[in-house]
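Undergrad: Would you be able to build a 3D model of this:
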Amino acid sequence: MALQISATNPEHPALLLALPWETPLEEWPEEYLVPLPRGISRHVVRYARAGDEVVAVKELAERPALREYELLRDLDRLGIPAVDALGVVTGRTDRAGAPLEPVLITRHLGGSQPYRSMFETTMRPVTMHRLMDALAVLLVRLHLAGFAWGDCSLSNTLFRRDAGAYAAYLVDAETGDLHPQLSTGQREYDLDLARVNISGELLDLEASGALHPSVDAIEFGAEICARYHGLWQELTRTSVYPAGKYHYIERRIRRLNDLGFDVAEMQIESSSNGDTVTFVPKVVDAGHHQRQLLRLTGLDTEENQARRLLTDLESWMATQDDYAPGDPLAARPEVLAHRWVRDVFRPTVRAVPRELRGTMDPAELYHQLLEHRWYLSERAQHDIGLDTAVADYVKNILPRARETLEPTTPE
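TA: Next comes the predicted model:
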(Lines give C-alpha, C1' and ligand atoms only; values in the text may rest on other atoms or scores of the structure.)
Protein backbone atom coordinates (compact mmCIF):
# COMPACT_ATOMS: atom_id res chain seq x y z
CA MET A 1 0.00 0.00 0.00
CA ALA A 2 1.41 3.40 -1.01
CA LEU A 3 2.02 6.15 1.55
CA GLN A 4 -1.02 8.42 1.81
CA ILE A 5 -1.29 11.79 3.55
CA SER A 6 -4.74 13.21 4.25
CA ALA A 7 -4.37 16.86 5.26
CA THR A 8 -6.58 19.88 5.97
CA ASN A 9 -4.29 22.28 4.07
CA PRO A 10 -3.00 21.65 0.50
CA GLU A 11 0.44 22.93 1.56
CA HIS A 12 0.88 20.45 4.42
CA PRO A 13 1.50 17.21 2.42
CA ALA A 14 4.62 18.66 0.78
CA LEU A 15 6.00 19.75 4.16
CA LEU A 16 5.12 16.47 5.84
CA LEU A 17 6.72 14.33 3.13
CA ALA A 18 10.15 15.41 4.38
CA LEU A 19 9.63 13.51 7.66
CA PRO A 20 11.04 9.95 7.97
CA TRP A 21 7.81 7.96 7.70
CA GLU A 22 9.71 4.73 6.93
CA THR A 23 11.13 4.79 10.49
CA PRO A 24 9.10 3.80 13.59
CA LEU A 25 8.22 6.97 15.48
CA GLU A 26 10.07 5.77 18.59
CA GLU A 27 13.29 5.64 16.55
CA TRP A 28 13.10 9.00 14.75
CA PRO A 29 16.52 10.74 14.59
CA GLU A 30 17.05 13.79 16.80
CA GLU A 31 17.50 16.03 13.75
CA TYR A 32 13.75 15.82 13.07
CA LEU A 33 12.57 16.26 16.65
CA VAL A 34 11.79 19.35 18.74
CA PRO A 35 12.63 19.00 22.46
CA LEU A 36 9.30 20.00 24.01
CA PRO A 37 7.78 18.53 27.20
CA ARG A 38 5.38 15.65 26.54
CA GLY A 39 2.56 14.36 28.68
CA ILE A 40 1.79 10.74 29.47
CA SER A 41 0.17 8.91 26.55
CA ARG A 42 -0.84 5.34 25.76
CA HIS A 43 0.69 5.90 22.32
CA VAL A 44 4.13 6.94 21.07
CA VAL A 45 4.11 10.72 20.59
CA ARG A 46 6.87 12.98 19.27
CA TYR A 47 7.17 16.68 18.42
CA ALA A 48 8.75 17.37 15.04
CA ARG A 49 9.37 20.29 12.71
CA ALA A 50 7.56 20.42 9.35
CA GLY A 51 8.65 23.60 7.55
CA ASP A 52 7.82 26.48 9.88
CA GLU A 53 5.35 24.36 11.84
CA VAL A 54 5.97 22.38 15.02
CA VAL A 55 3.71 19.35 14.91
CA ALA A 56 2.78 16.56 17.31
CA VAL A 57 2.93 13.11 15.72
CA LYS A 58 1.07 10.21 17.36
CA GLU A 59 1.16 6.56 16.24
CA LEU A 60 -2.10 4.65 16.47
CA ALA A 61 -4.23 2.26 14.40
CA GLU A 62 -5.82 3.53 11.20
CA ARG A 63 -9.49 3.59 12.26
CA PRO A 64 -8.95 5.50 15.51
CA ALA A 65 -6.49 7.84 13.77
CA LEU A 66 -9.03 8.78 11.07
CA ARG A 67 -11.84 9.00 13.63
CA GLU A 68 -9.87 11.30 15.93
CA TYR A 69 -8.84 13.42 12.95
CA GLU A 70 -12.50 13.98 12.02
CA LEU A 71 -13.55 14.62 15.63
CA LEU A 72 -10.85 17.28 16.08
CA ARG A 73 -12.00 18.96 12.87
CA ASP A 74 -15.58 18.90 14.18
CA LEU A 75 -14.46 20.52 17.43
CA ASP A 76 -12.63 23.21 15.46
CA ARG A 77 -15.81 23.98 13.49
CA LEU A 78 -17.72 24.21 16.79
CA GLY A 79 -15.17 26.66 18.25
CA ILE A 80 -14.09 24.31 21.07
CA PRO A 81 -10.58 24.77 22.54
CA ALA A 82 -8.67 21.78 21.16
CA VAL A 83 -5.49 21.10 19.21
CA ASP A 84 -5.70 21.59 15.43
CA ALA A 85 -5.75 18.41 13.34
CA LEU A 86 -3.39 18.76 10.37
CA GLY A 87 -3.45 15.31 8.81
CA VAL A 88 -3.28 11.52 8.94
CA VAL A 89 -0.53 9.42 7.33
CA THR A 90 -1.43 5.85 6.34
CA GLY A 91 0.28 3.16 4.26
CA ARG A 92 3.56 3.47 6.19
CA THR A 93 6.16 0.71 5.76
CA ASP A 94 9.75 0.36 6.96
CA ARG A 95 12.71 -0.10 4.61
CA ALA A 96 12.10 -3.85 4.56
CA GLY A 97 8.47 -3.37 3.55
CA ALA A 98 6.98 -4.30 6.93
CA PRO A 99 3.86 -2.27 7.84
CA LEU A 100 4.08 0.56 10.37
CA GLU A 101 1.25 2.12 12.32
CA PRO A 102 -0.45 5.19 10.82
CA VAL A 103 0.04 8.53 12.55
CA LEU A 104 -2.19 11.45 13.47
CA ILE A 105 -0.58 14.89 13.08
CA THR A 106 -1.72 17.92 15.06
CA ARG A 107 -0.32 21.43 15.35
CA HIS A 108 1.63 22.11 18.53
CA LEU A 109 -0.25 24.54 20.75
CA GLY A 110 2.23 27.37 21.30
CA GLY A 111 2.82 28.43 24.89
CA SER A 112 1.05 25.37 26.30
CA GLN A 113 2.32 22.80 28.78
CA PRO A 114 1.25 19.32 29.87
CA TYR A 115 0.39 19.15 33.55
CA ARG A 116 3.43 17.05 34.53
CA SER A 117 5.90 19.65 33.32
CA MET A 118 4.00 22.25 35.35
CA PHE A 119 4.59 20.15 38.48
CA GLU A 120 8.38 19.95 38.00
CA THR A 121 8.52 22.55 40.75
CA THR A 122 5.92 22.06 43.46
CA MET A 123 2.77 23.91 42.37
CA ARG A 124 0.92 26.03 44.91
CA PRO A 125 -2.66 24.96 45.75
CA VAL A 126 -4.06 28.29 44.48
CA THR A 127 -2.58 27.57 41.03
CA MET A 128 -3.99 24.05 41.12
CA HIS A 129 -7.45 25.51 41.77
CA ARG A 130 -7.03 27.55 38.58
CA LEU A 131 -6.18 24.41 36.63
CA MET A 132 -9.32 22.69 37.95
CA ASP A 133 -11.37 25.76 36.96
CA ALA A 134 -9.93 25.72 33.44
CA LEU A 135 -10.57 22.00 33.00
CA ALA A 136 -14.14 22.35 34.32
CA VAL A 137 -14.82 25.16 31.84
CA LEU A 138 -13.46 23.03 28.98
CA LEU A 139 -15.66 20.08 29.97
CA VAL A 140 -18.75 22.31 30.15
CA ARG A 141 -17.99 23.73 26.71
CA LEU A 142 -17.62 20.25 25.28
CA HIS A 143 -20.89 19.09 26.80
CA LEU A 144 -22.77 22.17 25.60
CA ALA A 145 -21.59 21.28 22.08
CA GLY A 146 -22.79 17.67 22.50
CA PHE A 147 -19.31 16.12 22.81
CA ALA A 148 -18.82 13.27 25.27
CA TRP A 149 -15.07 13.12 25.96
CA GLY A 150 -14.93 9.62 27.41
CA ASP A 151 -11.50 10.14 29.00
CA CYS A 152 -11.26 13.58 30.59
CA SER A 153 -7.99 13.83 32.51
CA LEU A 154 -5.04 16.11 33.14
CA SER A 155 -2.97 13.93 30.80
CA ASN A 156 -5.34 14.53 27.89
CA THR A 157 -5.29 18.30 28.37
CA LEU A 158 -2.85 21.10 27.61
CA PHE A 159 -2.84 24.27 29.71
CA ARG A 160 -1.94 27.74 28.55
CA ARG A 161 -1.80 30.98 30.55
CA ASP A 162 -4.70 33.31 29.83
CA ALA A 163 -4.64 36.79 31.42
CA GLY A 164 -3.58 35.60 34.85
CA ALA A 165 -5.67 32.43 34.70
CA TYR A 166 -5.32 29.25 32.66
CA ALA A 167 -7.07 28.04 29.54
CA ALA A 168 -7.48 24.28 28.97
CA TYR A 169 -7.35 22.61 25.55
CA LEU A 170 -8.39 19.09 24.61
CA VAL A 171 -5.50 17.03 23.23
CA ASP A 172 -6.81 13.48 22.93
CA ALA A 173 -10.23 13.00 21.29
CA GLU A 174 -9.74 9.29 20.55
CA THR A 175 -12.43 8.16 23.00
CA GLY A 176 -14.82 11.03 22.21
CA ASP A 177 -18.21 10.96 20.57
CA LEU A 178 -20.27 13.82 19.13
CA HIS A 179 -24.06 13.92 19.60
CA PRO A 180 -26.78 16.49 18.86
CA GLN A 181 -27.24 16.77 22.64
CA LEU A 182 -25.95 14.90 25.69
CA SER A 183 -28.20 13.32 28.28
CA THR A 184 -27.68 13.94 31.99
CA GLY A 185 -26.36 10.39 32.31
CA GLN A 186 -23.76 10.91 29.58
CA ARG A 187 -22.55 14.12 31.20
CA GLU A 188 -22.37 12.61 34.69
CA TYR A 189 -20.48 9.57 33.38
CA ASP A 190 -17.93 11.87 31.75
CA LEU A 191 -17.65 13.89 34.94
CA ASP A 192 -17.16 10.81 37.12
CA LEU A 193 -14.38 9.61 34.82
CA ALA A 194 -12.73 13.02 35.17
CA ARG A 195 -12.92 12.83 38.97
CA VAL A 196 -11.36 9.36 39.11
CA ASN A 197 -8.67 10.15 36.52
CA ILE A 198 -7.63 13.42 38.15
CA SER A 199 -7.44 11.92 41.64
CA GLY A 200 -5.32 9.06 40.27
CA GLU A 201 -2.96 11.43 38.49
CA LEU A 202 -2.53 13.56 41.61
CA LEU A 203 -1.91 10.47 43.74
CA ASP A 204 0.82 9.52 41.27
CA LEU A 205 2.36 12.97 41.68
CA GLU A 206 2.10 12.60 45.46
CA ALA A 207 4.00 9.31 45.32
CA SER A 208 6.79 11.00 43.33
CA GLY A 209 7.02 13.89 45.81
CA ALA A 210 5.85 16.49 43.28
CA LEU A 211 2.57 17.36 45.02
CA HIS A 212 2.26 20.17 47.56
CA PRO A 213 1.97 18.59 51.05
CA SER A 214 -1.27 20.46 51.81
CA VAL A 215 -3.07 19.08 48.75
CA ASP A 216 -5.52 16.22 49.18
CA ALA A 217 -5.59 14.36 45.85
CA ILE A 218 -9.08 12.94 46.40
CA GLU A 219 -10.57 16.33 47.35
CA PHE A 220 -9.01 18.01 44.32
CA GLY A 221 -10.46 15.32 42.08
CA ALA A 222 -13.89 16.02 43.54
CA GLU A 223 -13.43 19.78 43.09
CA ILE A 224 -13.93 19.59 39.34
CA CYS A 225 -17.39 18.10 39.96
CA ALA A 226 -18.46 21.03 42.15
CA ARG A 227 -17.02 23.59 39.72
CA TYR A 228 -18.65 21.84 36.74
CA HIS A 229 -22.11 21.68 38.34
CA GLY A 230 -21.96 25.36 39.29
CA LEU A 231 -21.02 26.36 35.74
CA TRP A 232 -23.59 24.10 34.12
CA GLN A 233 -26.38 25.45 36.32
CA GLU A 234 -25.44 29.07 35.57
CA LEU A 235 -25.25 28.47 31.83
CA THR A 236 -28.36 26.39 31.26
CA ARG A 237 -30.95 27.48 33.81
CA THR A 238 -34.05 29.41 32.83
CA SER A 239 -34.46 32.69 34.70
CA VAL A 240 -37.85 34.13 35.65
CA TYR A 241 -37.87 37.85 36.47
CA PRO A 242 -40.72 40.14 37.56
CA ALA A 243 -41.94 42.61 34.96
CA GLY A 244 -39.84 45.77 34.90
CA LYS A 245 -36.70 44.13 36.35
CA TYR A 246 -34.86 44.13 33.03
CA HIS A 247 -31.58 45.09 34.72
CA TYR A 248 -31.62 41.55 36.15
CA ILE A 249 -31.15 40.32 32.58
CA GLU A 250 -28.02 42.42 32.28
CA ARG A 251 -26.76 41.08 35.61
CA ARG A 252 -27.13 37.53 34.31
CA ILE A 253 -25.30 38.38 31.08
CA ARG A 254 -22.45 39.92 33.09
CA ARG A 255 -22.08 36.75 35.14
CA LEU A 256 -21.91 34.69 31.96
CA ASN A 257 -19.29 37.05 30.52
CA ASP A 258 -17.23 36.75 33.71
CA LEU A 259 -17.31 32.96 33.29
CA GLY A 260 -15.90 33.28 29.77
CA PHE A 261 -19.14 32.75 27.86
CA ASP A 262 -21.05 35.07 25.56
CA VAL A 263 -24.77 35.19 24.93
CA ALA A 264 -25.24 34.33 21.26
CA GLU A 265 -29.03 34.27 21.42
CA MET A 266 -31.58 35.58 23.88
CA GLN A 267 -35.29 34.89 23.92
CA ILE A 268 -37.75 36.78 26.12
CA GLU A 269 -41.20 35.29 26.58
CA SER A 270 -44.01 36.85 28.61
CA SER A 271 -45.67 34.60 31.14
CA SER A 272 -48.31 35.00 33.82
CA ASN A 273 -45.56 35.21 36.46
CA GLY A 274 -43.34 37.75 34.71
CA ASP A 275 -40.70 37.55 31.99
CA THR A 276 -38.99 34.25 31.26
CA VAL A 277 -35.49 34.73 29.83
CA THR A 278 -33.70 31.85 28.17
CA PHE A 279 -29.97 32.21 27.41
CA VAL A 280 -28.02 30.17 24.89
CA PRO A 281 -24.30 30.68 25.67
CA LYS A 282 -21.62 30.41 23.00
CA VAL A 283 -17.87 30.83 23.15
CA VAL A 284 -16.58 33.17 20.45
CA ASP A 285 -13.13 34.10 19.16
CA ALA A 286 -11.18 37.32 19.70
CA GLY A 287 -12.55 40.26 17.74
CA HIS A 288 -15.90 38.55 17.20
CA HIS A 289 -17.89 41.39 18.74
CA GLN A 290 -16.08 44.09 16.75
CA ARG A 291 -16.79 42.30 13.49
CA GLN A 292 -20.41 41.55 14.37
CA LEU A 293 -21.18 45.11 15.48
CA LEU A 294 -19.49 46.56 12.38
CA ARG A 295 -21.47 44.22 10.13
CA LEU A 296 -24.80 44.99 11.80
CA THR A 297 -24.50 48.71 12.50
CA GLY A 298 -21.44 50.13 10.76
CA LEU A 299 -20.03 51.18 14.17
CA ASP A 300 -16.28 50.56 14.38
CA THR A 301 -15.37 50.16 18.08
CA GLU A 302 -12.99 48.42 20.46
CA GLU A 303 -13.80 44.82 21.41
CA ASN A 304 -15.11 45.50 24.93
CA GLN A 305 -17.19 48.43 23.68
CA ALA A 306 -18.60 46.21 20.94
CA ARG A 307 -19.52 43.50 23.43
CA ARG A 308 -21.36 46.01 25.61
CA LEU A 309 -23.19 47.64 22.70
CA LEU A 310 -24.20 44.28 21.25
CA THR A 311 -25.68 43.24 24.59
CA ASP A 312 -27.78 46.39 24.62
CA LEU A 313 -28.75 45.86 20.99
CA GLU A 314 -29.84 42.26 21.67
CA SER A 315 -31.90 43.34 24.68
CA TRP A 316 -33.58 46.12 22.68
CA MET A 317 -34.28 43.84 19.71
CA ALA A 318 -35.99 41.31 21.98
CA THR A 319 -38.56 43.98 22.93
CA GLN A 320 -39.54 44.73 19.32
CA ASP A 321 -42.80 43.35 17.96
CA ASP A 322 -41.22 42.28 14.65
CA TYR A 323 -38.29 40.45 16.30
CA ALA A 324 -38.74 36.69 15.77
CA PRO A 325 -35.51 34.70 15.22
CA GLY A 326 -35.98 32.01 12.59
CA ASP A 327 -39.17 33.53 11.17
CA PRO A 328 -38.56 34.41 7.48
CA LEU A 329 -41.31 37.07 7.63
CA ALA A 330 -39.78 38.90 10.62
CA ALA A 331 -37.44 41.86 10.32
CA ARG A 332 -33.85 40.94 9.58
CA PRO A 333 -31.26 41.62 12.32
CA GLU A 334 -29.55 44.19 10.08
CA VAL A 335 -32.84 46.13 9.74
CA LEU A 336 -33.43 46.10 13.49
CA ALA A 337 -29.81 47.10 14.15
CA HIS A 338 -30.15 50.07 11.79
CA ARG A 339 -33.31 51.07 13.65
CA TRP A 340 -31.48 50.79 16.99
CA VAL A 341 -28.71 53.08 15.75
CA ARG A 342 -31.25 55.60 14.45
CA ASP A 343 -33.75 55.53 17.33
CA VAL A 344 -31.62 54.63 20.36
CA PHE A 345 -27.86 54.99 19.92
CA ARG A 346 -27.64 58.35 18.12
CA PRO A 347 -30.37 60.16 20.11
CA THR A 348 -28.77 58.97 23.36
CA VAL A 349 -25.32 60.20 22.39
CA ARG A 350 -26.71 63.52 21.13
CA ALA A 351 -28.52 64.04 24.45
CA VAL A 352 -25.11 64.67 26.02
CA PRO A 353 -23.90 68.22 25.22
CA ARG A 354 -20.87 68.11 22.97
CA GLU A 355 -18.87 70.43 25.23
CA LEU A 356 -19.25 67.94 28.11
CA ARG A 357 -18.11 64.84 26.22
CA GLY A 358 -14.41 65.65 26.35
CA THR A 359 -12.36 63.19 24.30
CA MET A 360 -14.88 60.32 24.55
CA ASP A 361 -15.92 58.90 21.19
CA PRO A 362 -19.63 58.02 20.72
CA ALA A 363 -19.15 54.30 21.44
CA GLU A 364 -17.29 54.95 24.69
CA LEU A 365 -19.85 57.58 25.72
CA TYR A 366 -22.72 55.17 25.09
CA HIS A 367 -20.89 52.48 27.04
CA GLN A 368 -20.46 54.86 29.98
CA LEU A 369 -24.16 55.73 29.87
CA LEU A 370 -25.10 52.05 29.92
CA GLU A 371 -22.80 51.50 32.91
CA HIS A 372 -24.42 54.43 34.70
CA ARG A 373 -27.91 53.08 34.00
CA TRP A 374 -26.81 49.71 35.37
CA TYR A 375 -25.50 51.31 38.56
CA LEU A 376 -28.64 53.41 39.11
CA SER A 377 -30.95 50.47 38.34
CA GLU A 378 -29.13 48.25 40.82
CA ARG A 379 -29.46 50.93 43.48
CA ALA A 380 -33.15 51.51 42.73
CA GLN A 381 -33.87 47.77 42.26
CA HIS A 382 -35.73 48.44 39.02
CA ASP A 383 -34.81 49.49 35.51
CA ILE A 384 -34.70 53.30 35.52
CA GLY A 385 -34.55 53.63 31.73
CA LEU A 386 -31.92 55.20 29.51
CA ASP A 387 -33.37 58.73 29.46
CA THR A 388 -33.21 59.01 33.25
CA ALA A 389 -29.67 57.64 33.26
CA VAL A 390 -28.55 60.17 30.65
CA ALA A 391 -30.05 63.09 32.60
CA ASP A 392 -28.38 61.98 35.84
CA TYR A 393 -25.06 61.35 34.07
CA VAL A 394 -25.03 64.83 32.53
CA LYS A 395 -26.03 66.49 35.81
CA ASN A 396 -23.96 64.57 38.36
CA ILE A 397 -21.13 62.67 36.67
CA LEU A 398 -19.75 64.67 33.76
CA PRO A 399 -19.21 67.94 35.72
CA ARG A 400 -17.13 66.07 38.34
CA ALA A 401 -15.20 64.27 35.62
CA ARG A 402 -14.34 67.56 33.92
CA GLU A 403 -13.19 69.08 37.22
CA THR A 404 -10.84 66.14 37.69
CA LEU A 405 -9.43 66.40 34.17
CA GLU A 406 -9.06 70.19 33.93
CA PRO A 407 -5.60 71.44 34.95
CA THR A 408 -5.41 73.81 37.89
CA THR A 409 -4.07 77.31 37.35
CA PRO A 410 -0.88 77.93 39.33
CA GLU A 411 -1.02 80.87 41.68
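Undergrad: host element of the closest residue in space to residue 376 that isn't next to it in sequence?
TA: Closest residue in space to residue 376, ignoring its immediate chain neighbours: residue 384 at 5.0 Å, by CB to CB, 6 or more residues apart in numbering. All C-beta atoms are positioned from the backbone trio N, CA, C, and that covers glycine. If you go by DSSP states H and E, residue 384 is not part of any helix or strand.
Undergrad: before we move on, what about residue 356?
TA: Remark: residue 356 resides in helix 354-357, with elements defined by DSSP H and E.
Undergrad: still on that earlier bit, what's the residue nearest to residue 376 sitting at in phi/psi?
TA: phi -80, psi -10 (degrees, to the nearest 10).
Undergrad: got a list of what it touches?
TA: 373, 376, 377 (CB atoms under 8 Å, 6 or more residues apart in numbering).
Undergrad: sec struct for the closest residue to the first one other than its chain neighbours, please.
TA: The shortest distance from residue 373 to any residue other than its chain neighbours is 3.5 Å, reached at residue 389 (CB to CB, 6+ apart). For residue 389, the assignment made with DSSP: H, G, I helix; E, B strand; the rest coil gives helix.
Undergrad: count of residues packed around residue 389?
TA: Residues lying near residue 389 (other CB atoms under 10 Å) number 23.
Undergrad: Next up, the contacts around residue 175.
TA: If you count contacts by CB under 8 Å, 6+ apart, residue 175 has them with 149, 150, 151.
Undergrad: ok, of those residues, which one's closest to residue 322?
TA: residue 149 (41.9 Å; CB to CB).
Undergrad: burial of that closest one, as a residue count?
TA: 22.
Undergrad: just to revisit the earlier point, distance of the residue nearest to residue 376 relative to residue 369?
TA: Plainly put, residue 384 is 12 Å away from residue 369 if you go by CB to CB, to the nearest Å.
Undergrad: Same question for residue 233.
TA: In this structure, residue 233 and residue 369 are 32 Å apart, going by CB to CB.
Undergrad: Would you format the contacts of residue 175 as CSV with secondary structure included?
TA: Shown next, in CSV, are the contacts of residue 175 (three-state DSSP):
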residue, secondary structure
149, coil
150, coil
151, coil
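Undergrad: Now residue 189. Nearest residue, chain neighbours left out?
TA: Nearest non-adjacent residue to residue 189 (CB to CB, 6+ apart): residue 148, at 7.8 Å.
Undergrad: what's the one you found in contact with, if anything?
TA: By CB under 8 Å, 6+ apart, residue 148 lies in contact with 142, 176, 177, 178, 179, 182, 186, 187, 189, 190.
Undergrad: would CSV of those residues with neighbour count and secondary structure be doable?
TA: What follows is these, written out as CSV (neighbours: other CB atoms under 10 Å; DSSP: H, G, I helix; E, B strand; the rest coil):
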residue, neighbour count, secondary structure
142, 25, helix
176, 23, coil
177, 14, strand
178, 16, strand
179, 12, coil
182, 20, coil
186, 16, helix
187, 19, helix
189, 14, helix
190, 22, helix
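Undergrad: closest to residue 89 among those?
TA: The nearest member of the contacts of residue 148 to residue 89, counting by CB to CB, is residue 176 at 21.1 Å.
Undergrad: what's near enough to touch that closest one?
TA: Residues in contact with residue 176 (CB under 8 Å, 6+ apart) are 68, 71, 147, 148, 149, 150, 151.
Undergrad: again, only this time at 10 Å
TA: 67-68, 71-72, 74-75, 82, 142, 147-152, 156, 170, 190 (CB atoms under 10 Å, 6 or more residues apart in numbering).
Undergrad: Restricted to helices, list the residues you listed.
TA: 67, 68, 71, 72, 74, 75, 142, 190 (DSSP state H).
Undergrad: Surely the fifth one and residue 170 touch.
TA: So the one you mean is residue 74. No: with contacts counted by CB atoms under 10 Å, residue 74 stays clear of residue 170, the gap being 11.6 Å.
Undergrad: what touches both of the two?
TA: 80, 82, 147, 176.
Undergrad: Just among these, which is most surrounded?
TA: When neighbours are counted by other CB under 10 Å, residue 82 leads those with 28 neighbours.
Undergrad: If we ignore the residues flanking it in sequence, what's nearest that one?
TA: Closest residue to residue 82 apart from its sequence neighbours, by CB to CB, 6+ apart: residue 170 at 4.0 Å.
Undergrad: neighbours around the one you found, how many?
TA: Neighbours of residue 170 using other CB under 10 Å come to 24.
Undergrad: now residue 368
TA: Counted with other CB under 10 Å, residues neighbouring residue 368 total 19.
Undergrad: I'd guess it is in a helix, am I close?
TA: Yes: assessed with three-state DSSP, residue 368 lies in a helix.
Undergrad: Pull up the gap between it and residue 348, please.
TA: Separation of residue 368 from residue 348 (CB to CB) stands at 11 Å.
Undergrad: can you tell me which residues contact residue 187?
TA: Residue 187 neighbours (CB under 10 Å, 6+ apart): 139, 140, 142, 143, 144, 148, 228, 229, 232.
Undergrad: let me fix that: residue 184
TA: With CB under 10 Å, 6+ apart, residue 184 has these contacts: residue 232.
Undergrad: Quick check: pLDDT value at it.
TA: Looking at residue 184, its pLDDT reads 95.
Undergrad: again with residue 251
TA: Checking the pLDDT column for residue 251, the value is 77.
Undergrad: Which positions within the helix or strand in which it is found qualify as buried?
TA: Assigned by DSSP H and E, residue 251 belongs to helix 247-258. For helix 247-258, the neighbour count (16 or more other CB atoms under 10 Å) marks 247, 248, 249, 250, 252, 253, 256, 257 as buried.
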